[in-house]
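*Asks:* Can you look at this prediction? I've put the sequence above it.
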Amino acid sequence: MTAPDLHAALAAQHLAVLGGFHPTPDDPVPHGTRTLLLLGPAEPGFWAHLKAQPEWQDGQPDPVDRWSRRTIGRIACDLGAKALFPFGGPPYHPFYAWALRTGRIWESPIRLLVSADQGLMVSFRGALALKTHVPVPAPAPHPCDPCAKPCLTTCPPGALTETAYDLVACHAHLDRPEGRPCMESGCEVRRACPVSQAYARLPEQSAYHMRRFHGEQTPR
């Protein structure tokens, strides 16, 4: 499979390469990896595509992760590569550290990852560890440098700050009526990011992940 074939296979599944890097011998990647590509949803279209898949329709737990394993696993097999996932541990693969290697994803002022393309809505469905050297997306300007940084002041309970994430305060807020905007449309801090606002992620998708995060039932 050539590089154009790879991107066509990803596009058919509404996946995109969010960044990548060429590992050194010291990097915690599978032996023989010459290129690591981080994959995430490509919007618009990802959520509608995923909801049409058998994993979403069968009523079994973890449809998004199961779909990711099947889809990315098949692409990896076609490439002679290895599929890696941010779930399924412990131990877990260091996706946070890998993201920082790409030059397109950074630690935001509130320490969550922020992407050049998806802002604070960035998420990973998996990664491909390739045994060949292929081009990776070029580094991009850090979006937080010119930003007014609304992420620092938007969190209603003040749970997300430069120095800490108060998980207890976050969940307590989500339990209250005033937490419904976060539950129904996604974290207000993530939505305040100007880059997030330009990314076509549906509130329905954010609501699904918020329910998972908060431990509520996730009807489909």
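*Replies:* Received the coordinates, thanks. Numbering: from 1, shown residues only.

*Asks:* Every contact and neighbour count from this point should use C-alpha atoms.
*Replies:* Will do.

*Asks:* count of residues packed around P28?
*Replies:* 13 (other Cα atoms under 10 Å).

*Asks:* For it, which three-state class applies?
*Replies:* Following DSSP: H, G, I helix; E, B strand; the rest coil, we place P28 in the coil state.

*Asks:* Would you quantify the distance from it to H93?
*Replies:* 8 Å (Cα to Cα, to the nearest Å).

*Asks:* Now do the contacts for L202.
*Replies:* Contacts for L202 (Cα atoms under 8 Å, 6 or more residues apart in numbering) come out as W47.

*Asks:* Can you read off the pLDDT for it?
*Replies:* pLDDT recorded at L202 is 94.

*Asks:* again, but for P4
*Replies:* Looking at P4, its pLDDT reads 81.

*Asks:* would you say it is within a strand?
*Replies:* No - membership of P4 in a strand is not supported by three-state DSSP, which gives helix.

*Asks:* Distance check, it against A11.
*Replies:* Taking Cα to Cα, one finds P4 at 10 Å from A11.

*Asks:* For the helix or strand hosting F213, name the packing helices and strands.
*Replies:* Using DSSP states H and E, F213 falls within helix 203-214. In terms of contacts (3 or more Cα pairs under 8 Å, 6 or more residues apart in numbering; DSSP states H and E), helix 203-214 is packed against helix 180-185.

*Asks:* For W56, give its distance to P90.
*Replies:* In terms of Cα to Cα, W56 sits 25 Å off from P90.

*Asks:* Would you mind telling me which of these two has the busier surroundings?
*Replies:* Shown here are W56 and P90; by other Cα under 10 Å, W56 has more neighbours (17 against 6).

*Asks:* so that one sits right up against P63, yeah?
*Replies:* Yes - the criterion here is Cα atoms under 8 Å, and W56 meets it with P63 at 5.1 Å.

*Asks:* List the contacts of the residue of the chain most remote from its centre.
*Replies:* Distance from the centre of the chain peaks at P177, with 27.6 Å (Cα atoms, centre = their mean). Contacts for P177 (Cα under 8 Å, 6+ apart) come out as none.

*Asks:* Residues touching stretch 57-76, excluding its own?
*Replies:* Among residues not part of stretch 57-76, those counted as contacts by Cα under 8 Å, 6+ apart are 6, 9-10, 13, 50-51, 53, 55-56, 82-83, 85, 87, 125-128, 220.

*Asks:* That stretch: which residues count as buried?
*Replies:* Neighbour counts over stretch 57-76 (16 or more other Cα atoms under 10 Å) mark 63-65, 67-69, 71-76 as buried.

*Asks:* Please apply the same query to stretch 167-187.
*Replies:* 170-171, 173-174, 179, 182-187.

*Asks:* what about P4 and A11, which has more around it?
*Replies:* Taking other Cα under 10 Å, P4 and A11 do not tie; A11 has more neighbours (15 against 9).

*Asks:* name the element that one belongs to?
*Replies:* Counting by DSSP H and E, A11 is found in helix 3-12.

*Asks:* How about V195?
*Replies:* helix 194-197.

*Asks:* Averaged pLDDT, the longest helix along the chain. What do you get?
*Replies:* Counting by DSSP state H, the longest helix found in the chain is helix 63-79. Averaging pLDDT along helix 63-79 gives 96.
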